[in-house]
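K.L.:
Here is a sequence with its predicted model. Questions after.
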Amino acid sequence: MSPGLYIHVPFCRSKCPYCAFYSIPSPSLIPLWWEGLKEEIILYRDRFDPFDTLYVGGGTPTSLDPGMLKRLMGYLLSHLKATRDPEVTVEANPQDLTREMIAALKGSGVNRVNVGVQSFDDGVLSLLGRNHRAEDGARAIEGLRRAGFGNMGIDLIYGIEGQDLKAWLKTLGTALSFQPEHISCYELTFERKTPFARLREEGRIAPMGESEATAFFLETSGRLEDAGYIHYEISNFARGEGYFSRHNQKYWHHVPYLGLGPSAHSFQDGRRWWNLRSIRGYFSAAKEGRPPVEGREDLTREQLRMETLATGLRTKAGVHMALIRELPGWAGAVSGLQASGLVKVLEDRLIPTKRGFLVADQIPLAFFQ
Ligand code: SF4
């Protein structure tokens, strides 16, 4: 399979209090990042086969100005080899999707836009510390449609204690009214060292309880499936197989990918490596012709197998039984999981049920008891 290319744009207009991705609200560092990125592209340009996916994420790629974004896309597509019909995705924040920005995306080969709407409820947006409003999300999506984007994703978040299920379903309903090709519904996590994690320690905010989270998950899945979406990964839904994220599947199936930019991860030939986070450190290394790598690990066959099991069980496709049969005590574990309604075996694959999705991280443990 062709490899994927990921570009990390480490800038945001402001920092959301729950976010652990590497991004900073410092546009003055954009020139340093851009110079480093161009050097890094040269370092890797012949080390991967032509890419069939290009994913520009972050951070917020659309926090760059439209001219810079166009330059970035043009540079990537002219300096790195791509297959004939690559999936080219850019992550966007609603308030950035001005007419100029949408035109820049349209004019630079982007064929898929993922909009970080997060909610169509102003109260929830303000709780999440987002700096846009519900109407910005709607306006952005309508603008993309008007410009002719036929492949669009909407990202949503739920998971704060006391969040109202009815209000969440209203947000889902609004998202559905735009008939996006892809919807991601993430449960909020309280990542270490984020302001939300601190607020949680201080008892000022809390994640929703398990039973509430289960209700949100099952209602979300049911509602979107009723609307014709395929629940193809724990947090991801698509309006047909052709709209599954081609890029994200590379991460789930150990297909090689190259990540460029501060903190980006890459994988090739059983080796994973990740870049320095600091933009200055990243720039200095790349400028000296050194890969700006912070760490790397060579995965053993066993580790690769475990990862395949863990990621596969988070997807509707599940895991091939050939892999399961290599695990100790597999037959008993499969029967137990089936009896608990967490998996089924279909066409020689072990497939998680919806209840299985809810405990996907724990299912692999059943094979090692
Ligand atoms: S806009 Fe996205 S990447 Fe930026 S801080 Fe907020 S959640 Fe993180």
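P.N.:
Everything's here; your move.
K.L.:
Now do the buried residues in whichever strand or helix holds Arg223.
P.N.:
Using DSSP states H and E, Arg223 sits within helix 210-226. For helix 210-226, the neighbour count (16 or more other Cβ atoms under 10 Å) marks Glu212, Ala213, Phe216, Phe217, Thr220, Ser221, Arg223, Leu224 as buried. (Glycine included, C-beta is placed from N, CA and C.)
K.L.:
quick one: the helices in the protein?
P.N.:
30-44, 66-79, 99-106, 122-127, 134-146, 165-177, 195-201, 210-226, 246-252, 279-287, 301-312, 321-324, 330-339, 354-358 (DSSP state H).
K.L.:
related to what we said a few turns ago, just checking, what packs against the helix holding Arg223?
P.N.:
helix 165-177, strand 182-187, strand 230-233, helix 354-358 (3 or more Cβ pairs under 8 Å, 6 or more residues apart in numbering; DSSP states H and E).
K.L.:
Show me what the last one is in contact with.
P.N.:
With Cβ atoms under 8 Å, 6 or more residues apart in numbering as the contact definition, helix 354-358 has outside contacts at 214, 217-218, 221, 231, 234, 313-314, 337, 341-343, 363.
K.L.:
just stretch 164-179 next, same as before
P.N.:
117, 119-121, 123-124, 134, 138, 141-142, 145, 152, 154, 156, 158, 183, 185, 212, 215-216, 219-220, 223-224, 227, 239.
K.L.:
burial of the residue of the stretch 201-350 of the chain found nearest the ligand, as a residue count?
P.N.:
Distance from the ligand to each residue of the stretch 201-350 of the chain (Cβ to the nearest ligand atom) is smallest for Ser263, at 11.3 Å. Residues lying near Ser263 (other Cβ atoms under 10 Å) number 21.
K.L.:
where does it fall, phi/psi-wise?
P.N.:
phi 70, psi 0 (degrees, to the nearest 10).
K.L.:
list the contacts for the nearest residue to it once chain neighbours are set aside?
P.N.:
Distances taken as Cβ to Cβ, 6 or more residues apart in numbering put Tyr22 closest to Ser263, at 3.8 Å, once the chain neighbours are dropped. Counting by Cβ under 8 Å, 6+ apart, Tyr22 makes contact with His8, Pro10, Gly59, Pro262, Ser263, Arg277.
K.L.:
With Thr353 instead?
P.N.:
Gly341, Leu342, Val343, Lys344.
K.L.:
Domain boundaries for the protein, per the record?
P.N.:
4-251, 301-368 (automatic domain parsing).
K.L.:
and these as CSV, adding mean pLDDT?
P.N.:
Compiled in CSV, the domains of the chain are given as follows (pLDDT from 0 to 100):
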stretch, mean pLDDT
domain 4-251, 96
domain 301-368, 94
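K.L.:
quick one, which of the ones you listed is packed in tightest?
P.N.:
domain 4-251 (a mean of 18; mean count of other Cβ atoms under 10 Å).
K.L.:
I'd guessed Pro3 sits against Leu258; true?
P.N.:
Yes. With contacts counted by Cβ atoms under 8 Å, Pro3 reaches Leu258, the gap being 6.4 Å.
K.L.:
what do those two both touch?
P.N.:
Phe48, Phe51, Gln268.
K.L.:
Narrow these to those in strands?
P.N.:
Judged by DSSP state E, strands contain the following of the shared contacts of Pro3 and Leu258: Phe51, Gln268.
K.L.:
Can you lay out the contacts of Tyr22 as TSV showing distance to Trp252?
P.N.:
As requested, the contacts of Tyr22 are exported to TSV (distance: Cβ to Cβ, whole Å):
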residue	distance to Trp252
His8	19
Pro10	24
Gly59	22
Pro262	24
Ser263	20
Arg277	24
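K.L.:
can you name the two of these that are farthest apart?
P.N.:
Greatest spacing in these, by Cβ to Cβ: Gly59 and Arg277 (11.6 Å).
K.L.:
who's in contact with the residue of the stretch 101-250 of the chain found nearest the ligand?
P.N.:
Nearest residue of the stretch 101-250 of the chain to the ligand: Gly116, at 5.7 Å (Cβ to the nearest ligand atom). For Gly116, the contacting residues are Thr60, Glu91, Ala92, Asn93, Pro94, Asp155, by Cβ under 8 Å, 6+ apart.
K.L.:
beta partners for the second one?
P.N.:
Here Glu91 shows beta-bridge partners Asn114, assigned using DSSP bridges.
K.L.:
Pretty sure it sits against Ser63.
P.N.:
No. Taking contacts as Cβ under 8 Å, Glu91 lies outside contact range of Ser63: 10.3 Å.
K.L.:
Close to the ligand: what parts of the stretch 51-200 of the chain are there?
P.N.:
Gly58, Gly59, Thr60, Asn93, Gly116 (Cβ under 6 Å from any ligand atom).
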